[in-house]
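Visitor: Please find the sequence and the predicted model below.
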There are 2 protein chains.
Amino acid sequence: MTKYDTTCDLGQCSLIGQTCAVFNLRKASRAVTKLYEEILKPSGILPTQFTLLVVTRAFGPVTISSMAEMLVMDRTTLTRNLKPLEREGLLRVVPGKDDKRSREVSPTNKGLEQLEEALPLWQEAQYRVEHALGSVRLDRLLDDLTAVVSAARSA
Amino acid sequence: MTKYDTTCDLGQCSLIGQTCAVFNLRKASRAVTKLYEEILKPSGILPTQFTLLVVTRAFGPVTISSMAEMLVMDRTTLTRNLKPLEREGLLRVVPGKDDKRSREVSPTNKGLEQLEEALPLWQEAQYRVEHALGSVRLDRLLDDLTAVVSAARSA
DNA sequence: CATATTTAAGTGTATATACACTTTTTGTGG
DNA sequence: CCACAAAAAGTGTATATACACTTAAATATG
């Protein structure tokens, strides 16, 4: 007898779709990402890129590591995700003044302009989700998502 | 005056982290995926691969398109995601009998063995999230995730 | 002060994701 | 039957994700 109930067998596979946390989170992530992508399309930036612009606008200049921590994103993932935005001249990444190991990320003027252009589109996407889901339920979901991040990180 | 309130300006960027649906979903997806990956590691399969094995075990043989619809995953994404499992001999993909355009996916014996090995690990991951989040809140989250998928698809 | 350790970041590799486009097969009207 | 539309799937390309490993700089330690 192990620590956990392992009586689950292959016959219960059809139930996993309703109960599996990681599957349902990833599925919802795909569905909602698709909606935001469609709506943000005229701005030319993808949902993740929008997020990076927002963070640098709010907290920049920020180091790669501190930014990764805020986003709950692996540092090396963030390094890669910054690349398209650097290439398009929307973000600037420069060596840190005090600590020469670090690199600091800031939005460029072009990045801020494009962010300003994207903001009403993001707002519309938010409204659509809020309208379709209900604002009470959306607030509850956002709250539970924050909680599950803490849960997963402490578990 | 547009249809939506576009008074949101760059100064509100610091609030977006708490309210943005797509950011919070993707963030939670990253955090929970990481946990499941760690726990599933001894089984040698990743969370997405576990999901694909479960679906084929429960509903196989299934065509690529029908499977993609169940998973709310782009068909071409699924095609690519099947590759590692085919390569490892855990899934079999064969041309459909009636319709020669289609291809049907089934688990192999090796796939079923590996799934059986992964199931108690998946169960443990579920327990850990349930314990850290609370079973009431987890059930509510799963329910809201299902709802937000419908919301995003209909919005 | 010299060395060892720790820390910030980048690279190689692999999976995950999806759009635009193409190929093959099925069905459908005439 | 034939041409055309619809459907199933694959490919090219690009972003997103993260682990293992490496490099370079800062800090601690003797």
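Guide: Great, that's in hand.

Visitor: center of chain A - which residue?
Guide: The residue lying closest to the centre of chain A (Cα atoms, centre = their mean) is A:T48, at 5.7 Å.

Visitor: Pull the contacting residues for the nearest residue to that one once chain neighbours are set aside.
Guide: Using Cβ to Cβ, 6 or more residues apart in numbering or on different chains and skipping residues adjacent in sequence, the residue nearest A:T48 is A:N81, 6.0 Å away. Placement of C-beta: from N, CA and C, glycine included. Contacts for A:N81 (Cβ atoms under 8 Å, 6 or more residues apart in numbering or on different chains) come out as A:T48, A:Q49, A:L52, A:M73.

Visitor: could you measure the third one against B:E69, distance?
Guide: In this structure, A:L52 and B:E69 are separated by 31 Å, where distance is defined by Cβ to Cβ, to the nearest Å.

Visitor: Quick check: buried residues in the longest helix along chain A?
Guide: Secondary structure of chain A per DSSP state H: the longest helix is helix A:109-133. Under the neighbour-count criterion of 16 or more other Cβ atoms under 10 Å in any protein chain shown, helix A:109-133 has A:111-112, A:114-115, A:118-130, A:132-133 buried.

Visitor: Compile the contacts of A:N81 into CSV and extend it with columns for distance to B:S14, pLDDT and secondary structure.
Guide: Converted to CSV, the contacts of A:N81 look like this (distance: Cβ to Cβ, whole Å; pLDDT from 0 to 100; DSSP: H, G, I helix; E, B strand; the rest coil):
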residue, distance to B:S14, pLDDT, secondary structure
A:T48, 18, 98, helix
A:Q49, 18, 98, helix
A:L52, 14, 98, helix
A:M73, 18, 98, coil
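
Visitor: Between these, which sits nearest A:V94?
Guide: Each of the contacts of A:N81 was checked against A:V94 using Cβ to Cβ; the closest is A:L52, at 15.9 Å.

Visitor: Can you tell me how far that closest one is from A:K34?
Guide: Where A:K34 is concerned, A:L52 sits at a distance of 19 Å (Cβ to Cβ).

Visitor: Those two: who's more crowded?
Guide: Remark: of A:L52 and A:K34, A:L52 carries more neighbours, 26 against 16, as counted by other Cβ atoms under 10 Å in any protein chain shown.

Visitor: Wait, that one touches A:R80, no?
Guide: No. Assessed by Cβ atoms under 8 Å, A:L52 is found out of contact with A:R80, at 11.4 Å.

Visitor: A:K34: which element?
Guide: helix A:21-40 (DSSP states H and E).

Visitor: now the angle between helix A:109-133 and that helix, please.
Guide: Helix A:21-40 runs at 120 degrees relative to helix A:109-133, counting by axes from the mean of the first three to the mean of the last three Cα atoms, to 10 degrees.

Visitor: Run a quick neighbour tally on A:E104.
Guide: Neighbour count for A:E104, taken as other Cβ under 10 Å: 19.

Visitor: How about the secondary structure of it?
Guide: strand (DSSP: H, G, I helix; E, B strand; the rest coil).

Visitor: who does it bridge with?
Guide: Judged by DSSP bridges, the bridge partners of A:E104 are A:T63, A:V94.

Visitor: OK, contacts around it?
Guide: Counting by Cβ under 8 Å, 6+ apart, A:E104 touches A:G60, A:P61, A:V62, A:T63, A:V93, A:V94, A:P95, A:G96.

Visitor: Pull the most distant pair out of those.
Guide: The widest separation within those (Cβ to Cβ) is 14.8 Å, between A:G60 and A:P95.

Visitor: Looking only at neighbour counts, state which of these two leads.
Guide: Neighbour comparison, A:G60 and A:P95: the larger count goes to A:G60, with 17 against 10 (by other Cβ under 10 Å).

Visitor: Give me the distance between the closest residue to the more buried one other than its chain neighbours and chain B.
Guide: Nearest non-adjacent residue to A:G60, counting by Cβ to Cβ, 6+ apart: A:S106, 4.3 Å away. Note on A:S106: its distance to chain B, by Cβ to the nearest Cβ, to the nearest Å, is 13 Å.

Visitor: What is the burial count for A:S106?
Guide: 16.

Visitor: Look up the pLDDT of it for me, please.
Guide: Note for A:S106: predicted pLDDT of 98.

Visitor: so who does it touch?
Guide: A:S106 neighbours (Cβ under 8 Å, 6+ apart): A:T56, A:G60, A:P61, A:L91, A:R92, A:V94.

Visitor: pretty sure A:C13 contacts B:V54?
Guide: Yes. With contacts counted by Cβ under 8 Å, A:C13 reaches B:V54, the gap being 4.6 Å.
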